[in-house]
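>>> Return a 3D structure for these sequence lines:
(2 chains)
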Amino acid sequence: MISLNKITKVYNDKAVVNNFSLEVDRGEMCVLIGPSGCGKTTTLRMINRMIEPTSGEIFIDSRDVKKIKPDLLRRSIGYAIQMVGLFPHMTVAANIAVVPQLLRWEKKKIKNRIDELLILVGLSPAEYSSKYPYQLSGGEAQRIGVARALAANPPILLMDEPFGAVDPLTRTKLQTQFLNIQKELHKTIILITHDLDEAIRMADRIAIMKDGELVQYDTPENILSRPYNQFVYKFVGTDRALKRLSRINISKFIKSAPSVDEDFSMDKVNQACEKCRWVWVTDSKHRLIGWIDRKILSQTTSIKEALVPVSLDEIAVTEGASLKEVLSIMLSSGLRTIPVTDKKGFLIGEIDMSIIERISAESINHYEKS
Amino acid sequence: MKNPKLKNWLILIILFAFFIVIISNIDWWQRALHFLFRDIENVIYPRVPLIAMLGEHLKLVIISSGLTIITGVPLGIWVTRSSMRDFLDIINNLVSIGQTIPPVAVLALAVPVFGFGLIPVVLALFLYGLLPVVRNTIAGIQSIPEFVLDSAYGLGMSKMQALFKIEIPLSARLIMTGIRISVIINIGTAMIGAIIGAGGLGSAVIAGLVQDNVAYIMEGVVPAAFLAILTDRFFSNIESIFVYNQ
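Take a look at the predicted model:
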């Protein structure tokens, strides 16, 4: 979809971007990351011709961008920047309407689109349409910035630290929301960040840049487990094993868990306990309420007596969680095996620490080139 | 937000009505000036009626300020275009010189070329009023944050669209301030018109100076001061339309 072919940009005899090639597939989110001054913003801005490359070619859908008039090219590419750059003299609605108006959409269509986008980014159209940018919080402004970039439904989005100027809590919220939007819209996105956690969380593929050159371009999992050289290894940091766990969803590793209903007779419980050291206990609706240790069973007469009640927040993970969350709960609860539930608390299965040990062993300390 | 603006316009309308009433009742002037200057026999400048002097004065101000605005604003915008940046300092210096040369000197130089009357006065006032308009236009456009323009272009606005939809509206307040200052300076400076026969409220002032008649001077100065206040209020009200952050 987007293809950069040996792009070089020279300023004052210094190559800011040097012989840079990159392919981004349709519907994929590519995150450009690297230290300050590595040329990531310059690279991004060459795609929508805010900056012209000194040499090299850029293709969008195999069309050379040089052959498209810059204004027209940019109207077909969503653009969001860290400073947001909302127009202070225009209402939120007018800000979002900028590109549709440039494209001469009908008034009614624009109005509908504004409402649709505000809902998409989680803001009430009735409340926000007529507000001015100075009335918005940082997080709201960023969301309007994203809505404005999406306004004319461009297939491509270029985003330069779109969640940069907000507090960490708001940033995580915006990231989650944006990932959900992306699941729905499947845009082709190039996003710049200097926050590695953001990159690992959001990216389908990460492009690591250094001094204007592409160092490694791969999936987050591979970047973390197989850093290409010492630079990437150091850039990724010593907690990369943990970071990698945060990318791995637990769904593949859930085992079926022995469980009993709280109304079961003690015989049935004994039976269930024969093969394992404990069983999970659920209520009549199959919601997890606690567990029973086999050793305690012989000394008690009813399930209620033997039951160790649990708080779901403290020991259970939900099915969408990552292995990092699992590990965190294991460490804080002191359990080697923890239950997995769905959002409503229904017991789905359990997950064991041996899985994490096995996965971590795969990402041993090595890089392919030193 | 709406109410104080409305109030300001109401105040302006009341002041304006008051001004009209005073100007059109020459008897009141006569009585007031007699009361203030008892030993002066003739308190009203006899050659030209006040209304006519005011008319001439307004004509001078409107023509010269009009010219200042229609050349100054585009000039300021023009030198802030990225391709014209080289001219920025030159223009800045030129309009500064325009204000450094006293208007009287411009008159002295212009009269031999254009003769007496309206043209040399308009030229002098035009040059003198150019600085605040050009300077403020440049300042207004340069005050727009880089990232705002960056997103305007990034969203696909052409240079013209960015200029008219973003740059001019966002610098309008500062541009209006420049215009306000320029017009007010002009109202005062237009007094010199009388020196070379272009008329205006200066006629009474100069006659008063020559004949040592304070009443004549007052007849010229008070309406001019009133005019300046009205103009100041008027443009301030317009400026407040272009405030976007409160």
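
>>> Could you list the residues in contact with stretch B:7-25?
B:28-29, B:50-51, B:54, B:223, B:226-227, B:229-230, B:233-234, B:236-237, B:240 (C-beta atoms under 8 Å, 6 or more residues apart in numbering or on different chains). All C-beta spots, glycine's among them, are computed from the backbone N, C-alpha and C.

>>> which one of those is nearest residue A:268?
Nearest to residue A:268 among the contacts of stretch B:7-25: residue B:240, at 80.3 Å, using C-beta to C-beta.

>>> List the buried residues for whichever helix or strand residue A:113 is part of?
Assigned by DSSP states H and E, residue A:113 belongs to helix A:107-120. By 16 or more other C-beta atoms under 10 Å in any protein chain shown, the buried positions in helix A:107-120 come out as A:110-111, A:113-115, A:117-118, A:120.

>>> What residues does chain B have near chain A?
Counting by C-beta under 8 Å from any C-beta of the partner chain, the residues of chain B close to chain A are B:145, B:147-148, B:150-158, B:161, B:165-166, B:169-170, B:242, B:244-246.

>>> okay, how far is it across stretch A:68-85, tip to tip?
Taking C-alpha to C-alpha, to the nearest Å, the first and last residues of stretch A:68-85 lie 25 Å apart.

>>> Report the buried residues of it.
Buried residues in stretch A:68-85 (16+ other C-beta under 10 Å): A:70-71, A:73-85.

>>> Among those residues, which lie within helices?
Within those, residues falling in helices by DSSP state H are A:70-71, A:73-75.

>>> and the helix holding residue A:113, what other elements does it pack with?
Helix A:107-120 is packed against helix A:92-96, helix A:98-102, helix A:125-128, helix A:138-150, with contacts defined by 3 or more C-beta pairs under 8 Å, 6 or more residues apart in numbering or on different chains; DSSP states H and E.

>>> For residue B:65, which of the ones you listed is the nearest?
helix A:92-96 (32.5 Å).

>>> at contact distance from chain B, anything in that closest one?
No. On the criterion C-beta under 8 Å from any C-beta, helix A:92-96 is out of touch with chain B, staying 9.4 Å away.

>>> With just CA atoms, put that helix into PDB.
Only the C-alpha atoms of helix A:92-96 are listed here, as PDB (Å, rounded to 0.1, in the frame of the first residue of the first chain):
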ATOM      1  CA  VAL A  92     -14.900  21.400  17.000                       C
ATOM      2  CA  ALA A  93     -17.500  20.600  14.200                       C
ATOM      3  CA  ALA A  94     -15.900  23.100  11.800                       C
ATOM      4  CA  ASN A  95     -12.400  21.600  12.600                       C
ATOM      5  CA  ILE A  96     -13.600  18.100  11.700                       C
END
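
>>> Okay, now the unreliable bits of the stretch 251-370 of chain A?
A:362-370 (pLDDT under 70).

>>> hey, where'd the strands end up in it?
A:259-261, A:278-282, A:288-293, A:308-309, A:317-318, A:337-341, A:347-352 (DSSP state E, counting those that start in this stretch).

>>> Share the number of residues neighbouring the residue nearest to residue B:166 when sequence neighbours are not counted, please.
Once flanking residues are discounted, residue B:166 sits nearest to residue B:152: 4.7 Å by C-beta to C-beta, 6 or more residues apart in numbering or on different chains. Neighbour count for residue B:152, taken as other C-beta atoms under 10 Å in any protein chain shown: 22.

>>> just checking, what packs against the helix or strand that contains residue B:152?
Residue B:152 is located in helix B:146-154, with elements delineated by DSSP H and E. For helix B:146-154, the contact count by 3+ C-beta pairs under 8 Å, 6+ apart identifies strand A:77-81, helix B:159-162 as packing neighbours.

>>> what does the stretch 1-150 of chain A put close to chain B?
Going by C-beta under 8 Å from any C-beta, the residues of the stretch 1-150 of chain A near chain B are A:48, A:50, A:71-76, A:79, A:81, A:83-89, A:98-99, A:102, A:132, A:134, A:145, A:148-149.

>>> can you tell me which residues contact residue A:299?
Residue A:299 touches nothing, counting by C-beta under 8 Å, 6+ apart.

>>> try residue A:333
Taking C-beta under 8 Å, 6+ apart, one finds A:314-315 in contact with residue A:333.

>>> how does it look with 10 Å?
Contacts for residue A:333 (C-beta atoms under 10 Å, 6 or more residues apart in numbering or on different chains) come out as A:310-311, A:314-316.

>>> What of residue B:188?
Applying C-beta under 10 Å, 6+ apart, the residues contacting residue B:188 are B:61, B:201-202, B:221, B:224-225, B:227-228.

>>> quick one: residue A:154 and residue A:99 touch, right?
Yes. Under the criterion of C-beta atoms under 10 Å, residue A:154 makes contact with residue A:99 at 8.0 Å.

>>> Serialize the helices and strands packed on helix B:146-154 to a markdown table and add fields for mean pLDDT.
Shown next, in a markdown table, are these (pLDDT from 0 to 100):
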| stretch | mean pLDDT |
| --- | --- |
| strand A:77-81 | 93 |
| helix B:159-162 | 94 |
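
>>> Spell out which parts of the stretch 201-350 of chain A neighbour chain B.
On the criterion C-beta under 10 Å from any C-beta of the partner chain, chain B has no neighbours in the stretch 201-350 of chain A.

>>> thinking again about what came up before, from the contacts of residue A:333, which single one is nearest residue A:208?
Closest to residue A:208, out of all of the contacts of residue A:333 and judged by C-beta to C-beta, is residue A:316, at 36.0 Å.

>>> okay, now the domains of chain A?
A:2-247, A:252-358 (automatic domain parsing).

>>> Please identify the most buried of those domains.
domain A:2-247 (a mean of 19; mean count of other C-beta atoms under 10 Å in any protein chain shown).

>>> residues contacting residue A:142?
Residue A:142 touches A:80, A:82-84, A:86, A:121, A:136, A:161-166, A:170-171, A:174, A:178, counting by C-beta under 10 Å, 6+ apart.

>>> now residue B:130
B:64, B:67-69, B:71-72, B:75-76, B:91, B:94-99, B:178, B:182.

>>> and it, which of the three is it?
Of the three states, residue B:130 takes helix under DSSP: H, G, I helix; E, B strand; the rest coil.

>>> measure it to residue B:96 for me?
10 Å (C-beta to C-beta, to the nearest Å).

>>> can I get the domains of chain A in TSV with distance to residue B:39?
Below are the domains of chain A laid out as TSV (distance: least, C-beta to C-beta, whole Å):
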stretch	distance to residue B:39
domain A:2-247	59
domain A:252-358	97
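
>>> Between these, which one is closest to residue B:80.
Comparing those by C-beta to C-beta, domain A:2-247 comes nearest, at 18.0 Å.

>>> Residue A:71 versus residue A:354, what's the distance?
Taken as C-beta to C-beta, the span from residue A:354 to residue A:71 is 58 Å.

>>> Quick one: classify residue A:200 as helix, strand or coil.
Quick answer, by three-state DSSP: residue A:200 is helix.
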